[in-house]
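Engineer: make a model of this:
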Amino acid sequence: MRRPRIVTFLVALVFLLGLLQWLRAGTLFVRRDFLAQLNLSISLPYAIGSAAIWGGVLVAASFGLWRLKRWGWWLALGAVSLAQAQQWFDRLVFDRSDYARLSRGFALGTTLLILALIWGGLGWPSIRKRFEIGD
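Structural biologist: Below you'll find the model as predicted:
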């Protein structure tokens with residue numbers, strides 16, 4: 001069975017989102033001594049752990065999508081949506097700087113674009129059919 005191009009694109013997008021989470025976790029871990037001195041409003045173990053976990057879940061979802069598995073379809077929708085929701089929770093609860101408040105518009109646009117691509121692409125009728133997802 002041939003994989004539709006849109007699925008390949010979505011696999012790459014979800015995989016990239018997972019890698020970016022792992023990069024975030026790694027950067028926070030490597031820089032933890034410096035970051036501990038900054039009196040951050042977010043707990044470093046929480047930030048590192050959540051990024052590492054979301055990275056793993058998103059990479060797993062990309063493999064499920066690649067293999068056209070039904071669970072990959074569901075996991076991709078759920079993981080991308082919940083990861084974006086948690087990022088907004090963290091942003092609204094823990095951000096204290098003026099820059100964080102000024103960059104909310106760009107972050108909102110990025111979130112909406114990611115969600116539109118994932119939900120729109122995976123919700124397309126021919127794509128849903130490939131994953132054997134009924135209406």
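
Engineer: can you give me the helices in the protein?
Structural biologist: Taking DSSP state H as the criterion, the chain carries its helices at 5-30, 32-36, 44-66, 70-94, 98-102, 104-123, 125-130.

Engineer: same list (the ones you listed) but as TSV, adding mean neighbour count and mean pLDDT.
Structural biologist: Placement of C-beta: from N, CA and C, glycine included. What follows is those, written out as TSV (neighbours: other Cβ atoms under 10 Å; pLDDT from 0 to 100):
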stretch	mean neighbour count	mean pLDDT
helix 5-30	17	97
helix 32-36	11	90
helix 44-66	19	97
helix 70-94	16	95
helix 98-102	10	87
helix 104-123	14	96
helix 125-130	13	90
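
Engineer: which residues sit in contact with the residue lying closest to Arg3 once chain neighbours are set aside?
Structural biologist: Closest residue to Arg3 apart from its sequence neighbours, by Cβ to Cβ, 6 or more residues apart in numbering: Leu68 at 6.5 Å. If you count contacts by Cβ atoms under 8 Å, 6 or more residues apart in numbering, Leu68 has them with 1, 3, 7, 130-131.

Engineer: in TSV: those residues, plus distance to Leu77.
Structural biologist: Output for the contacts of Leu68, formatted as TSV (distance: Cβ to Cβ, whole Å):
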residue	distance to Leu77
Met1	21
Arg3	18
Val7	13
Arg130	14
Phe131	10
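
Engineer: relative to Leu102, which of those is nearest.
Structural biologist: The shortest distance between Leu102 and any of the contacts of Leu68, using Cβ to Cβ, involves Val7 and amounts to 36.5 Å.

Engineer: just list the residues touching the closest one, thanks.
Structural biologist: Val7 is in contact with 65, 68, 121, 127, 130, counting by Cβ under 8 Å, 6+ apart.

Engineer: closest to Ser81 among these?
Structural biologist: Of all the contacts of Val7, Ser81 sits closest to Gly121, with 13.4 Å by Cβ to Cβ.

Engineer: surely the closest one and Ala12 touch.
Structural biologist: No: the pair Gly121 and Ala12 fails to qualify as a contact (Cβ atoms under 8 Å) at a distance of 11.3 Å.
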